[in-house]
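Chemist: Sequence and predicted structure below; questions after.
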Amino acid sequence: MDEATLNMINEINKQRKASGQAQININNDENFNAKPANFKSDTACSKNPQKSDIQAVAIGHFDGLHKGHKELIKRLGENGALIIIESDKATLTPKQRREEYASVPCFYYDLKNIKNLRGDYFIGLLCRDFKNLKRIVVGYDFKFGKDRGWDKHDLGRIFNGEVIVVSEFCFDGLGVHSSAIKRFLSDGDIYRANRLLGREYSVEGEVIKGQGIGKHELYPTLNLIIYPYATPKDGVYATRTRIDDKTYTSITFIGTRVSTDGLFSIENHIIDENLKSTPKNIRICFIEKIRDNMKFYDLKDLKNQIAKDIEIAKNVAKTCDLTLTQNSTHLRDLS
């Protein structure tokens, strides 16, 4: 867990303690530590395929299931699956969403359990697990085995089947990599992050109790905690919020509440909707950054600014594609 995430959770725990709510136990919470062990793999795909049915696999971390990853999936052919190496660095797309975006069966191997295996032992493990394996698909920079000491050339020598190496995939003149998407998010550049993902970046989290100022003094918000997602740069964003089977236009604040208590928070306002009850969990899809975090010395000034943010968010939502395709040339014209 990175330092920023730990700090966020510590801030949330302070708020929970003050309000008498149960605190988040990082060491014991199953959502934080649920990982397969001892080379066991699993799948949550609806078809629940048998390993003996799999004839082709693509290997990688697949964090984000972005456009580059989709190029590997295209090369699988029939009876293909993903071998996903689980690690603590996967912060763009959690397990359940990777399965949703992949559209093929997913099998998981914990990096902690395989990182000390020799490369030939690892491939031997896959061949034993998938007895009818005939094809392995990897990216051009694929490394495996202890100390990442084996590469695509060794794979061709070790594996007695077809090896397909997919070249770097570029879009908008940029190499599509999870690290690039994370960098754009940390810069608040949602436009480029979404372009490389091929969809709107989304996070899910538990709704928690907030200050209560929004409901009584400003605009009502749903406050939430997200883990283990990469968090966009502090600021206000035009977003869409998914609650159960409905999607709402919204604005989302991420950052330190410099105008009130100075604590970090993620606050989400559903635009032009009066929710009858508070949902337990919500999913937020980021469309575009509206502005940086700002300090206001008067709540009236803050409320006026939020009103402006809402109007911008409504306009952005109307002019931005919900689904981003490879052939799209822009999200919206900012000129």
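Modeler: Nice, I can see it. All values reported here derive from a predicted model rather than from experimental measurement.
Chemist: what's the average pLDDT for stretch 63-74?
Modeler: Per-residue pLDDT values over stretch 63-74 give a mean of 95.
Chemist: Tell me the buried residues in it?
Modeler: Neighbour counts over stretch 63-74 (16 or more other Cβ atoms under 10 Å) mark 63-73 as buried. Every residue, glycine included, has its C-beta placed from N, CA and C.
Chemist: Pull the residues that contact it.
Modeler: Stretch 63-74 has contacts (Cβ atoms under 8 Å, 6 or more residues apart in numbering) with 58, 60, 62, 80, 82, 89-93, 97-98, 101-104, 137-139, 166, 168-169, 171, 175-178, 181, 196-198, 326.
Chemist: Identify the farthest-apart pair in the buried residues of stretch 63-74.
Modeler: The largest separation in those, counting by Cβ to Cβ, is between 63 and 71 at 15.4 Å.
Chemist: Which strands or helices does the longest helix belonging to the chain pack on?
Modeler: In terms of residue count, the longest helix belonging to the chain (DSSP state H) is helix 299-319. Applying 3 or more Cβ pairs under 8 Å, 6 or more residues apart in numbering; DSSP states H and E, one finds that helix 299-319 contacts helix 213-217, strand 235-243, strand 246-256, strand 281-291.
Chemist: strands paired with the second one, and their directions?
Modeler: Same thing as strand 235-243. Using DSSP bridges, strand 235-243 pairs in its sheet with strand 246-256 (antiparallel), strand 281-291 (antiparallel).
Chemist: Tell me how far it lies from the chain's centre.
Modeler: 15 Å (Cα atoms, centre = their mean, to the nearest Å).
Chemist: Put the alpha carbons of that strand into PDB.
Modeler: Output in PDB follows, covering the C-alpha atoms of strand 235-243 (Å, rounded to 0.1, in the frame of the first residue of the first chain):
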ATOM      1  CA  GLY A 235      -9.500  19.100  -7.500                       C
ATOM      2  CA  VAL A 236     -13.100  19.100  -8.700                       C
ATOM      3  CA  TYR A 237     -14.200  16.800 -11.500                       C
ATOM      4  CA  ALA A 238     -17.200  16.300 -13.800                       C
ATOM      5  CA  THR A 239     -18.300  12.700 -13.200                       C
ATOM      6  CA  ARG A 240     -21.000  10.200 -13.600                       C
ATOM      7  CA  THR A 241     -22.100   8.200 -10.600                       C
ATOM      8  CA  ARG A 242     -23.400   4.700 -10.800                       C
ATOM      9  CA  ILE A 243     -25.800   3.600  -8.100                       C
END
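Chemist: follow-up on the earlier one: mind putting the strands paired with strand 235-243 in TSV, distance to residue 124 and mean neighbour count included?
Modeler: Formatted as TSV, these follow (distance: least, Cβ to Cβ, whole Å; neighbours: other Cβ atoms under 10 Å):
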stretch	distance to residue 124	mean neighbour count
strand 246-256	45	20
strand 281-291	40	20
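Chemist: Go through those and name the closest to residue 302.
Modeler: It is, among the strands paired with strand 235-243 and with distance given as Cβ to Cβ, strand 246-256, at 10.6 Å.
Chemist: List the contacts of that closest one.
Modeler: For strand 246-256, contacts defined as Cβ under 8 Å, 6+ apart pick out 221, 231-242, 262-273, 284, 286, 290, 293, 306, 309-310, 313-314, 317.
Chemist: quick one on the thing from earlier: list only buried entries from the contacts of stretch 63-74.
Modeler: 58, 60, 62, 80, 82, 90-93, 97-98, 101-102, 104, 137-139, 166, 169, 176-178, 181, 196-198.
Chemist: Now, those residues that are in strands?
Modeler: 58, 60, 80, 82, 137-139, 166 (DSSP state E).
Chemist: quick one: low-confidence ranges for the stretch 1-150 of the chain?
Modeler: Applying pLDDT under 70 to the stretch 1-150 of the chain flags the ranges 1-48, 89-90.
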